[in-house]
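Peer 1: Sequence below, structure please.
(one chain, ligands or ions: 3)
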Amino acid sequence: MSFLSDNLKFQLKKVGLLASLFLAVFFGAYYFVNILDIHPAPREATSPEAVQDVIVNNEELQKRAGQDKISLADFQAWAKINKLTGKDLYDGDPDRDGLPNYLEYIHGTDPNNADTDGDIFSDKAEITNGYDPDSKGEAMTTVYIKIEKLGVDAPMVWSKTDVEANMLKDLENGLAHFMKTAAPGQVGNMIVSGHSSNYIWAKGGYNHIFKDLNNLQIGDLVTVKTVQKNGRIINYQYKITEKFTTTPDDERIFADSPTPTLTLTTCWPIGTNLKRLIVKAELVK
Ligand SMILES: [Ca+2]
Ligand SMILES: [Ca+2]
Ligand SMILES: [Ca+2]
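Peer 2: Ligands and ions are numbered 1, 2, ... in the order given. Okay, here's the model as predicted:
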């Protein structure tokens with residue numbers, strides 16, 4: 001009697017276990033499909049007309065890109081070649097490198113390849129850090145700084161030292177970009193230094209490049225022009241928001257910025273190394 005009852009108990013337990021296992025699998029699958037909603041999303045309908053929804057006209061494209069030499073027709077032809085379609089043609093990022101299609105177009109990079117030049121750094125990462133996204137390895141973009149009001153149009157040197165005394169060598173060849181500060185047009189504080197005066201016997205053609213920096217006023221414009229090896233030219237325009245003189249170690253000079261900011265610095269008063277004249281500007285396009 002007791003043997004049968006034990007056997008029956010054992011069988012019942014087995015059935016119970018199997019039943020719970022079945023229920024667990026069944027409800028697990030139900031949960032996955034219906035509650036987590038893993039059904040594949042329906043593909044959005046695409047039509048050429050949809051392009052017009054986002055890119056209104058040439059002006060809109062030029063304003064968003066910060067360029068005045070591109071046209072909607074050129075962009076659309078490029079988009080067609082690259083088989084880009086859909087409502088988010090302009091702002092889409094099919095290769096998921098963080099660069100929307102219109103910026104891929106501006107930089108001449110491949111909208112369907114996250115690493116156009118194949119150097120393991122993504123297009124976006126290169127641009128963010130001042131590298132040329134369409135030129136392998138350590139190649140930086142070539143940069144010029146133009147301040148029309150002062151008649152300044154000088155090359156910018158990507159300095160590889162953060163010791164100001166060592167930057168003197170770079171200042172022989174133009175304006176010097178402080179290492180680890182923001183790249184042109186990018187979020188952060190881009191710091192650029194230039195001579196206001198130097199010894200008569202000092203080398204280089206840029207010994208007085210920033211002698212008139214104090215003539216700049218709030219609202220004046222500074223253009224930072226970047227040139228890539230593939231011929232793409234991008235002009236970033238900054239508008240001056242602030243001007244002050246201070247000691248060389250003032251934290252306001254080096255403070256990071258949540259927006260694309262340009263800080264120009266030079267020795268002040270002219271002929272001395274006592275203070276710094278600081279001009280700060282914000283990216284407008
Ligand atoms: Ca992209
Ligand atoms: Ca890309
Ligand atoms: Ca790359």
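
Peer 1: Pull out the buried positions in the strand ranked longest in the chain.
Peer 2: Ordering each strand of the chain by length in residues (DSSP state E) puts strand 233-246 first. By neighbour count on 16 or more other C-beta atoms under 10 Å, the buried set for strand 233-246 is 234, 235, 236, 237, 238, 240, 243. Every residue, glycine included, has its C-beta placed from N, CA and C.

Peer 1: Equivalent analysis for stretch 175-183, please.
Peer 2: By neighbour count with 16+ other C-beta under 10 Å, stretch 175-183 contains the buried residues 175, 176, 177, 178, 181, 182, 183.

Peer 1: Out of the residues you listed, which is nearest to ligand 2?
Peer 2: Nearest to ligand 2 out of those is residue 183 (C-beta to the ion; 17.3 Å).

Peer 1: hang on, isn't that closest one packed against residue 124?
Peer 2: No - Residue 183 is beyond contact range of residue 124, at 11.8 Å (criterion: C-beta atoms under 8 Å).

Peer 1: residues near the residue of the stretch 51-200 of the chain at minimum distance from ligand 2, how many?
Peer 2: Here the residue of the stretch 51-200 of the chain nearest ligand 2 is residue 123; by C-beta to the ion that distance is 4.0 Å. Look at residue 123: counted by other C-beta atoms under 10 Å, it has 25 neighbours.

Peer 1: Hmm, residue 114 and it touching each other?
Peer 2: Yes - at 6.4 Å, residue 123 and residue 114 qualify as touching, with contact defined as C-beta under 8 Å.

Peer 1: Give the residues shared as contacts by those two.
Peer 2: residue 97 (C-beta atoms under 8 Å, 6 or more residues apart in numbering).

Peer 1: Next one: the most centrally placed residue in the chain from residue 174, what distance?
Peer 2: Compute the mean C-alpha point of the chain, and by C-alpha atoms, centre = their mean the closest residue is residue 128, 3.6 Å away. Residue 128 sits 23 Å away from residue 174, going by C-beta to C-beta, to the nearest Å.

Peer 1: again, but for residue 214
Peer 2: Counting by C-beta to C-beta, the gap from residue 214 to residue 174 is 20 Å.

Peer 1: Between these two, which has more neighbouring residues?
Peer 2: residue 174 (20 against 17).

Peer 1: who touches that one in this structure?
Peer 2: With contacts defined as C-beta under 8 Å, 6+ apart, residue 174 is in contact with 154, 155, 156, 157, 194, 206, 209.

Peer 1: And these, which is closest to ligand 3?
Peer 2: Once C-beta to the ion is applied, the member of these that ends up nearest ligand 3 is residue 156, at 21.6 Å.

Peer 1: Would you mind pulling up the elements that the helix or strand that closest one falls within packs against?
Peer 2: Per DSSP states H and E, residue 156 falls inside strand 152-158. Contact analysis of strand 152-158 by 3 or more C-beta pairs under 8 Å, 6 or more residues apart in numbering; DSSP states H and E lists strand 142-147, strand 175-177 as its packing neighbours.

Peer 1: Can you tell me the strand partners of that strand and which way each runs?
Peer 2: As defined by DSSP bridges, the strand partners of strand 152-158 come to strand 142-147 (antiparallel), strand 175-177 (parallel).

Peer 1: Now that strand - C-alpha only, PDB.
Peer 2: Output in PDB follows, covering the C-alpha atoms of strand 152-158 (Å, rounded to 0.1, in the frame of the first residue of the first chain):
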ATOM      1  CA  VAL A 152      44.200  88.600 -40.400                       C
ATOM      2  CA  ASP A 153      44.300  85.400 -42.500                       C
ATOM      3  CA  ALA A 154      46.800  83.000 -41.000                       C
ATOM      4  CA  PRO A 155      47.400  79.200 -40.900                       C
ATOM      5  CA  MET A 156      46.700  77.500 -37.600                       C
ATOM      6  CA  VAL A 157      49.200  75.000 -36.200                       C
ATOM      7  CA  TRP A 158      47.900  72.000 -34.200                       C
END
